[in-house]
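1. pasted the sequence and its predicted model underneath.
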Amino acid sequence: MEQISFTLNNKTVNVDSDPNDLLLWVLRTKLGLTGTKYGCGIGFCGSCTILVDGEAMRSCGMAVSEVEGKQVTTIEGLAVGNKLHPVQESFVMHDAQQCGYCTPGMIMNAVGLLNNNPNPSREDIIAGMNDNLCRCGSYGRIADAVESAAQKMNGGHE
Amino acid sequence: MNEKQINKLYFGDVDRPVRSMDRRNFIKKLGGGLIIVFSLSTQAFKSRSEDDHDKRSDEELDLNAYLRIKEDGTVDCYTGKIEMGQGIITSLAQVLSEELEVPMNTINMVMGDTDLCPYDAGTWGSLTTRFFDPLLRAAAVEAKGELLKMGAAKLRCQESELLNKGGFVISKTNSAQRVSYAELTKGEKIVKTISSPPILKKAKDFKTIGQPIISTDAIKKVSGQAIYTSDIQLPGMLYAYIKRPPAHGAQLKSVDITRAKTLKGITIINEDGLIAALHEDLLMAEEAMVKIKAEWDIPAAKADSESIFDHILTTATNSRTTEEKGDLSIGFEQSEQIIEATYLDGYKAHASIETHAATAQFEGDKLVMWASTQTPFGTREAVANALNMPIDKVHIKQVFIGGGFGGKIYNQQAIECAKLTKISGKPVQVAWSRREEFMYDCFRPAAVIKVKAGLQGGGKLKAWSFDVYCAGPRGTQDFYNVPNVKTQIFRGKEVHPFATGAWRAPGNNTTTFARESHIDVLAHSIGMDPIEFRLLNAEDLKIKRTIKLATDTFGYKKAQTGTNRGCGMAIGTDAGTIVVLIAEVEVNPATGVVTPLRMVCAQDMGQVVNPHGAIVQTEGGLTMGLGYALYEDVEFNWGTVETQNFDSYEITKMAVTPPIECVFADDMDSPPQGGGEPAIVTVGGAIANAVFHACGARVKQMPVTPQRILEALR
């Protein structure tokens, strides 16, 4: 056991953990943030996606020690008070979720994508979101949601 | 647990629903207000149920629900149905809002809680809207009438002078003279049942039904606040990992828990074949499970992914005839051309992104459980049986479900969790890994369909012989008006190496693929456009109208094809809905890779309650369908399931999802039909036909893989 410190949703956390413990499970079971989901455990489905220093990463294959001293953002940390993040808002407007289980990972992946590329083309969005799986089949709506969120974040109108 | 036990528990409870709900007890639990109790067995609805194409037993159709207008004016609707992404949490509220004249945001759907909601056999078969729409509307009309009566007494005037609007009873002539539903129900407790056939609104008067309404649970889902079973964390809870055999049918030879036992804080359970490691720390539980050493005897393999079809033909020998018209032998004698073919379909996984999970604890002598289940009441019964407890000592609570598709009808994980909770004496969570999910999923069965069809001059179908092995009869009812038909369904007890079960429109994906592929083969054999051929043979006006809606929307022109591009149609009927899909694809002739370019889907589903929700369901079904049509196949060597995760089981991804257009026949005064399942049944046939149109490869096995396309081209 070691104490690992990082910033989680803008707050400093110190967590006692085996440094090799997977971040997904530390978030879910030790820090109580269950919005980040388990889907496959091998980084293939993307439902565990979070941001590390603004970059979308798969938390199921990452040791908690890898985020020591870094900024971690989960789905619970996106909204400011009751104000949803533009990507979250856009997912609601486009009804881009059905069962909702892959949704937190989709949204975090999209935010990471827009951090890297604030003006993505439709092709960029599809390439950037392609490795997140949605069994309910909401892909078209998800792509639309990301596209209009990008426009909105750039000050444009949807 | 062996397959027979699972079947006994799960198929058993599906076949024989129990009804232990005591209405008086239920109503006692509720507070004040106006309560409307309703049930499909209510005489007023007998005729509705007879319309059902699925011909389910009366008992299964006996869907009960309760509606309560509370003293604060909000409305609770209690139903045993669950929400798993199909959107009924929104569309049922929409129906209530319409007839009860209350705003959507005052309605609270209480779903799938076995202590609060009346019995329901399960959420499947695209039944919810079909049966709850008329019932909920009737209950709302009853409530509205009662409120009007109460309003007249309160406002000291005649009922005829009043109307219901926005949660109020209001004077028709003086809108200041009004009383809210809340005021009317305060301090009251009135229990009513639906007495007579209600007078429902006509489509032209709808304000909410027919409006596109965004899901009412969307904000919870985008903010990480929607709680799924494995998100429940109870004080002192142990995470459980179960030692699994390497193959179905494997017999345990020996088990050694010495190394696992040394981990601090670990509980190892080894009882009745259930070997598990439990720990407050999830990763410690997993580590201990890995340290448990077990040896198994694996039974000899009888078939694998390749040879399963021959195995099916030799073992699925029990037959029954489900449709017979005319005389098949005379039909073939009178045919000018006879074409036979065999169509194959492999096993498919449900592959919901949420794996099976259950979380439970004892509260006194009562087991309280959250479970990712489509059948909370069936799960309650299975759990009670497993623990040898009375049914009313098990309470399954409402929780979000991360996709079901038929895969969460069966709930082995709930029984495992219940047993471990009892044995350990602590709260326990069992959440399957993806590998366990692929091992214990009740797959859509592999199937073989043998078709023999006869044509007379001019392209009219004369004879149709359809032998279905392991896919069942769903979707096989002839709608091409063939005069001589025989449909036989074959099954056997020792066919599959693992459990199989319902998969979004059970069997119909397979039967529709075979029929619609063969219809295309027949049309091409006489040089006729396949859509013209369908229009020539299908006489049903609703089907013709839906074909036209699809072709008009698509802009279909005869023999429209470019280099390596083509389009294909498939027609399907499912859950009362008619589906016509046109898919356009591009095939790379060198690699055989198929790129879907576009899908246009026309449906006649009667009244469309929430057009937006219906479109989302259709898009979802078609997207999921591309997976079984093009990519998905479970690899196995008898009981050893080789497919273990998404790296070896390809489902549809964003980049291969083409633009999808959904249109609905205008049929708003008809009863609503199924929406969750029907569209998906047409994808295999439409894709296979489009591939043929594009490159001339007729692939008779799903998935239509590049390798199979290249083989067909040789």
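-> Here it is on my side, so go on.
2. residue contacts, B:Ile89?
-> B:83, B:109, B:111, B:215-217 (Cβ atoms under 8 Å, 6 or more residues apart in numbering or on different chains). (Each C-beta comes from the backbone N, C-alpha and C, glycine too.)
3. three-state assignment of it?
-> The assignment at B:Ile89 comes out as helix when based on DSSP: H, G, I helix; E, B strand; the rest coil.
4. how near is it to B:Gln398?
-> According to Cβ to Cβ, to the nearest Å, B:Ile89 and B:Gln398 sit 10 Å apart.
5. what is in contact with the two at once?
-> By Cβ under 8 Å, 6+ apart, the residues touching both B:Ile89 and B:Gln398 are B:Met111.
6. got a pLDDT number for B:Asp51?
-> According to the predicted model, the pLDDT of B:Asp51 comes to 38.
7. mind listing what whichever residue of the stretch 301-450 of chain B sits closest to chain A touches?
-> Nearest residue of the stretch 301-450 of chain B to chain A: B:Gly402, at 3.1 Å (Cβ to the nearest Cβ). Under the criterion of Cβ under 8 Å, 6+ apart, the contact partners of B:Gly402 comprise A:37, A:99-102, B:84-85, B:228, B:352-354, B:372.
8. any chance of these in JSON lines, plus neighbour count and secondary structure?
-> Below are the contacts of B:Gly402 laid out as JSON lines (neighbours: other Cβ atoms under 10 Å in any protein chain shown; DSSP: H, G, I helix; E, B strand; the rest coil):
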{"residue": "A:Lys37", "neighbour count": "29", "secondary structure": "coil"}
{"residue": "A:Cys99", "neighbour count": "28", "secondary structure": "coil"}
{"residue": "A:Gly100", "neighbour count": "32", "secondary structure": "coil"}
{"residue": "A:Tyr101", "neighbour count": "31", "secondary structure": "coil"}
{"residue": "A:Cys102", "neighbour count": "30", "secondary structure": "coil"}
{"residue": "B:Met84", "neighbour count": "29", "secondary structure": "coil"}
{"residue": "B:Gly85", "neighbour count": "31", "secondary structure": "coil"}
{"residue": "B:Tyr228", "neighbour count": "21", "secondary structure": "strand"}
{"residue": "B:Ser352", "neighbour count": "26", "secondary structure": "coil"}
{"residue": "B:Ile353", "neighbour count": "28", "secondary structure": "coil"}
{"residue": "B:Glu354", "neighbour count": "29", "secondary structure": "coil"}
{"residue": "B:Ser372", "neighbour count": "31", "secondary structure": "coil"}
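9. out of these, the closest to A:Val26 would be?
-> Comparing these against A:Val26 with Cβ to Cβ places A:Lys37 closest, at 14.4 Å.
10. how about that closest one, what does it touch?
-> Taking Cβ under 8 Å, 6+ apart as the criterion, A:Lys37 is in contact with A:47-48, A:101-102, A:104-105, B:228, B:353-354, B:402.
11. please flag which of the contacts of B:Ile89 sit within strands.
-> Secondary structure assignment by DSSP state E places B:109, B:111 of the contacts of B:Ile89 in strands.
12. and the contacts of B:Ile89, which two are furthest apart?
-> B:Met111 and B:Ser215 (13.9 Å).
13. helix, strand, or coil at the residue of chain A found nearest chain B?
-> Residue nearest to chain B within chain A (Cβ to the nearest Cβ): A:Gly35, separated by 2.3 Å. Taking three-state DSSP as the rule, one finds A:Gly35 in the coil state.
14. hang on, it packs against B:Tyr228?
-> No: the pair A:Gly35 / B:Tyr228 is not scored as a contact, 10.1 Å apart, by Cβ atoms under 8 Å.
15. ok, stretch B:117-124 near chain A or not?
-> No: applying Cβ under 8 Å from any Cβ of the partner chain, one finds stretch B:117-124 separated from chain A by no less than 12.4 Å.
16. end-to-end on that stretch?
-> Taking Cα to Cα, to the nearest Å, the span from the opening residue of stretch B:117-124 to its closing residue is 17 Å.
17. report the rounded mean pLDDT for that stretch.
-> Stretch B:117-124 comes out with an average pLDDT of 79.
18. for B:Lys192, which non-adjacent residue is spatially closest?
-> With sequence-adjacent residues excluded and distances taken as Cβ to Cβ, 6 or more residues apart in numbering or on different chains, B:Lys192 is closest to B:Ile36, at 5.2 Å.
19. which residues does the helix or strand in which the one you found is found contact?
-> Assessed by DSSP states H and E, B:Ile36 sits inside strand B:33-39. Applying Cβ under 8 Å, 6+ apart, the contact partners of strand B:33-39 are B:23, B:27, B:62-71, B:135-136, B:138-140, B:142-143, B:146-147, B:184-185, B:188-194.
20. between the contacts of A:Lys37, which is nearest B:Cys117?
-> B:Tyr228 (19.0 Å).
21. run through the bridge partners of that closest one.
-> Beta-bridge pairing for B:Tyr228 (DSSP bridges): B:Phe400.
22. measure it to B:Gly674 for me?
-> The gap separating B:Tyr228 from B:Gly674 is 26 Å, by Cβ to Cβ.
23. do the same with A:Asp95
-> To B:Gly674, A:Asp95 is 20 Å away according to Cβ to Cβ.
24. more neighbours, these two?
-> Summary of the neighbour comparison: A:Asp95 and B:Gly674, criterion other Cβ atoms under 10 Å in any protein chain shown, with B:Gly674 having more neighbours (26 against 22).
25. any idea how far B:Ala570 is from that one?
-> Distance of B:Gly674 to B:Ala570, given as Cβ to Cβ: 17 Å.
26. what residues are up against the spatially most central residue of chain A?
-> Nearest to the mean C-alpha position of chain A, by Cα atoms, centre = their mean, lies A:Met108 at 2.1 Å. Going by Cβ under 8 Å, 6+ apart, A:Met108 touches A:36, A:49-51, A:56, A:73-75, A:78.
27. how about B:Lys462?
-> Going by Cβ under 8 Å, 6+ apart, B:Lys462 touches B:331-332, B:334-335, B:454-456, B:482-484.
28. 6 Å instead?
-> Contacts were defined as Cβ atoms under 6 Å, 6 or more residues apart in numbering or on different chains; by that measure B:Lys462 touches B:331, B:334-335, B:454, B:456.
29. neighbours of whichever residue of the stretch 501-650 of chain B sits closest to chain A, just the number please.
-> Scanning the stretch 501-650 of chain B for proximity to chain A using Cβ to the nearest Cβ identifies B:Thr623 as nearest, at 2.9 Å. Neighbours of B:Thr623 under the rule other Cβ under 10 Å: 29.
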